[in-house]
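>>> Please find the sequence and the predicted model below.
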Amino acid sequence: MTIWHPTITTQGPRYRGIADAIARAIQAGELAPGQRLPPQRRLADSLGVTVGTVTRGYAEAERQGWVTARIGSGTYVRNGDTSPMTPLRHSHPMDAGTIDLSLSLPPPHPLRAASLGRALKGIAKDDEVLQRAVAFQSERGIPAHREQLAAWMTNLGMPVEGEELLITQGGQHGISLALQALTRPGERIAADVLTYPGLIDAAQQSHLKVVGVPMDDEGMDMEALARLCTQQQPRLIYLTPDQNNPTGTVLSQNRRERLVELARRHDFLILEDAVQYLPEQERGTPLYRLAPERTLFIFSTAKVLAGGLRIGALVAPPALRERLAAALRAQSWMVPSLMVEAVCRWVASDDNTTLLDWQTRELGERQSLAREMLTGFDVGGRPHAANLWLPLPEGLRSAVLQEALARRDVLVTSAEPFCVGSEPAPQALRLCLSAAPSREALAKALDILVELLNEPPAAPWRMV
Ligand SMILES: Cc1ncc(COP(=O)(O)O)c(C=O)c1O
């Protein structure tokens, strides 16, 4: 393959010439969406400029929105549809019969929209609340709202006081906010070697390098983390201790204690993400209780009420709250109090408990169904989790199976988007059992999966 060679026509600094040439080549179709730009050193050699000039040129092209840099992988022409990290669902047109098990959504139930409707109707009749909703409020949220969200979390077995939390626009916002406010560009953070892709994206936006820590059956390997702390001094460690996303692995109690010991010795922050909800009896001791002085805890409405509400909580130690509030203020002044009010009314209503009880039973049923249908295969994950992790039998490749499933209108996720940096992806699939429109639809999708596991498809690639 020939390396793309820019023609630099712009007068002025060379780096700007490189950025302009990238923009022109993309507009002319010489650089295709998803295409990787040449490695910086190679381009520097071929243009007779320093690597620093190419780095600045690529950074300028990224700033202008033409390309996107992936730490440890390279710089790619931007286009959400063809990005290699984009889940398969976007590259296959969805038809009405498609069973999408690729996104981790709560199981569909008419009560979700109905509860929101009831909350909004109540708000529409409440003049005082409407007056508050049209006014600016504190960036941390209205104190009464914080108290109500704290009470809701406490009821769910996550004890917290209203003054300890900031209201966010969901769990992803909590992650971005923590990284933006508490790290500096170029710093390192660490996470399980397979982790929630939203953390990888947020770290990239904050110009951080994410280092992957190996895991085993007890979660993150603390001895590997100890070595990493000595060698690379990470500023923060991100974990989902009660169920790793995607594998479902739980961080053992011993390791939770060892993590806290390491955090105190090496002075790093802990970002604990509990968005993937589990019933209290399936959770371990939260890290924010073990190390309250250095742990930030993230929760949201996404997996218990509805993903579209975009409301969450970021619990933070007192010393960090002002910095987080300042970052939130700089981003958007505040989270709209109207949505928070709707959530507060919803969680205070009977609908909330009815829905969560139903959901917990439903997820338990879906997990049992999947485990029964996949008898003989090695599956991982928690008994009431939304997701199931399926390491593939020897000889099967996840990309082949994922493609074959998509041809049969079943969408699943491979390990690839969860891999930190350029770590190799295990051959495995994540199945979001909760996202199927019904248990029947789930059974149908699993039938197809089992058929393909038993009679593996041929690789669809044609190449010489
Ligand atoms: C582990 C984890 N954290 C955070 C999020 C994002 O939460 P939210 O939708 O509230 O932004 C998700 C969503 O799937 C998740 O799986």
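Alright, I've got the coordinates. Numbers count the residues shown, from 1 in each chain.
>>> Which helix or strand contains the nearest residue to residue 176 once chain neighbours are set aside?
Setting aside the residues directly before and after it, residue 176 is nearest to residue 202 in space (C-beta to C-beta, 6 or more residues apart in numbering), at 4.4 Å. (Glycine included, C-beta is placed from N, CA and C.) Element membership for residue 202, per DSSP states H and E: helix 197-205.
>>> any idea of the mean pLDDT in the following helix or strand past that helix?
Toward the C-terminal end, the helix or strand that comes next after helix 197-205 (DSSP H and E) is strand 209-213. Averaged across strand 209-213, the pLDDT comes to 97.
>>> Then stretch 186-202?
When the per-residue pLDDT values of stretch 186-202 are averaged, the result is 97.
>>> Which residues of the stretch 251-400 of the chain lie near the ligand?
Among all residues of the stretch 251-400 of the chain, those adjacent to the ligand (criterion: C-beta under 6 Å from any ligand atom) are 273, 275, 276, 300, 302, 307, 312.
>>> Might you report the residue contacts of the second one?
With contacts taken as C-beta atoms under 8 Å, 6 or more residues apart in numbering, residue 275 has the following neighbours: 171, 240, 298, 299, 300, 302, 303, 312.
>>> Helices - which of the residues you listed land there?
With DSSP state H as the criterion, helices contain residue 171 from among the contacts of residue 275.
>>> Would you format the contacts of residue 275 as TSV with distance to residue 459 included?
Putting the contacts of residue 275 into TSV (distance: C-beta to C-beta, whole Å) gives the following:
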residue	distance to residue 459
171	37
240	33
298	39
299	42
300	39
302	36
303	35
312	41
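>>> Just flag the most distant two among the contacts of residue 275.
240 and 312 (14.4 Å; C-beta to C-beta).
>>> where does this structure have its least confident helix or strand?
Least confident helix or strand of the chain, by mean pLDDT, DSSP states H and E, is strand 67-70 with a mean of 81.
>>> can you tell me if the helix holding residue 202 touches the ligand.
Yes: on the criterion C-beta under 6 Å from any ligand atom, helix 197-205 is in touch with the ligand at residue 198.
>>> From the contact counts, what lies against that helix?
helix 171-182, strand 188-192, strand 209-213 (3 or more C-beta pairs under 8 Å, 6 or more residues apart in numbering; DSSP states H and E).
>>> rerun at 7 Å
When contacts are defined as 3 or more C-beta pairs under 7 Å, 6 or more residues apart in numbering; DSSP states H and E, helix 197-205 packs onto helix 171-182.
>>> Tell me the residues of the stretch 1-150 of the chain that contact the ligand?
Taking C-beta under 6 Å from any ligand atom as the measure of proximity, the stretch 1-150 of the chain contacts the ligand at residue 104.
>>> 8 Å instead?
Contact residues, the stretch 1-150 of the chain versus the ligand (C-beta under 8 Å from any ligand atom): 103, 104.
>>> Extract the CA atoms of stretch 260-271 and return them as PDB.
These are the backbone C-alpha positions of stretch 260-271, laid out as PDB (Å, rounded to 0.1, in the frame of the first residue of the first chain):
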ATOM      1  CA  VAL A 260      -6.900   1.300  49.000                       C
ATOM      2  CA  GLU A 261      -3.500   0.600  50.600                       C
ATOM      3  CA  LEU A 262      -1.800   1.200  47.200                       C
ATOM      4  CA  ALA A 263      -3.900   4.400  46.600                       C
ATOM      5  CA  ARG A 264      -2.800   5.800  49.900                       C
ATOM      6  CA  ARG A 265       0.900   4.800  49.400                       C
ATOM      7  CA  HIS A 266       1.100   6.100  45.800                       C
ATOM      8  CA  ASP A 267      -1.400   8.900  46.200                       C
ATOM      9  CA  PHE A 268      -3.800   8.200  43.400                       C
ATOM     10  CA  LEU A 269      -7.500   8.800  43.100                       C
ATOM     11  CA  ILE A 270     -10.100   6.100  42.700                       C
ATOM     12  CA  LEU A 271     -13.000   6.500  40.200                       C
END
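>>> In that stretch, which residues are buried?
By neighbour count, and taking 16 or more other C-beta atoms under 10 Å as the criterion, the buried residues in stretch 260-271 are 260, 262, 263, 268, 269, 270, 271.
>>> who touches it?
Residues outside stretch 260-271 that contact it (C-beta atoms under 7 Å, 6 or more residues apart in numbering): 175, 178, 182, 222, 225-226, 229, 233-239, 287, 290-291, 294-296.
>>> hmm, try it at 8 Å
Where contact means C-beta under 8 Å, 6+ apart, the residues beyond stretch 260-271 that reach it are 175, 178-179, 182, 222, 225-226, 229-230, 233-239, 259, 287-288, 290-291, 294-296, 298.
>>> So among those residues, which ones count as buried?
When burial is judged by neighbour count using 16+ other C-beta under 10 Å, the buried members of the contacts of stretch 260-271 are 175, 178-179, 182, 222, 225-226, 229, 234-239, 259, 287-288, 290-291, 294-296, 298.
>>> how close does the residue nearest the centre of the chain get to residue 392?
For the chain, the residue lying nearest the average C-alpha position, counting by C-alpha atoms, centre = their mean, turns out to be residue 198 (2.8 Å). Distance from residue 198 to residue 392, counting by C-beta to C-beta, to the nearest Å: 25 Å.
>>> Which residue ranges of the stretch 301-450 of the chain form helices?
Under the criterion DSSP state H, counting those that start in this stretch, the stretch 301-450 of the chain carries helices at the ranges 318-332, 337-348, 350-373, 398-407, 439-454.
>>> Against which helices or strands is the shortest one packed?
Contact analysis of helix 398-407 by 3+ C-beta pairs under 8 Å, 6+ apart lists strand 413-414, strand 428-432, helix 439-454 as its packing neighbours.
>>> Skipping its backbone neighbours, what lies nearest residue 222 in space?
By the measure of C-beta to C-beta, 6+ apart, the closest residue to residue 222 outside its immediate chain neighbours is residue 258, 4.3 Å from it.
>>> give me the residue from the stretch 1-150 of the chain nearest the ligand.
Closest residue of the stretch 1-150 of the chain to the ligand, C-beta to the nearest ligand atom: residue 104 (4.5 Å).
>>> about what we covered before: helix or strand right after the least confident helix or strand of the chain?
Proceeding C-terminally, strand 67-70 gives way to strand 74-77 as the next helix or strand, assigned by DSSP H and E.
>>> Among the buried residues of stretch 260-271, which one lies nearest to the ligand?
residue 271 (10.2 Å).
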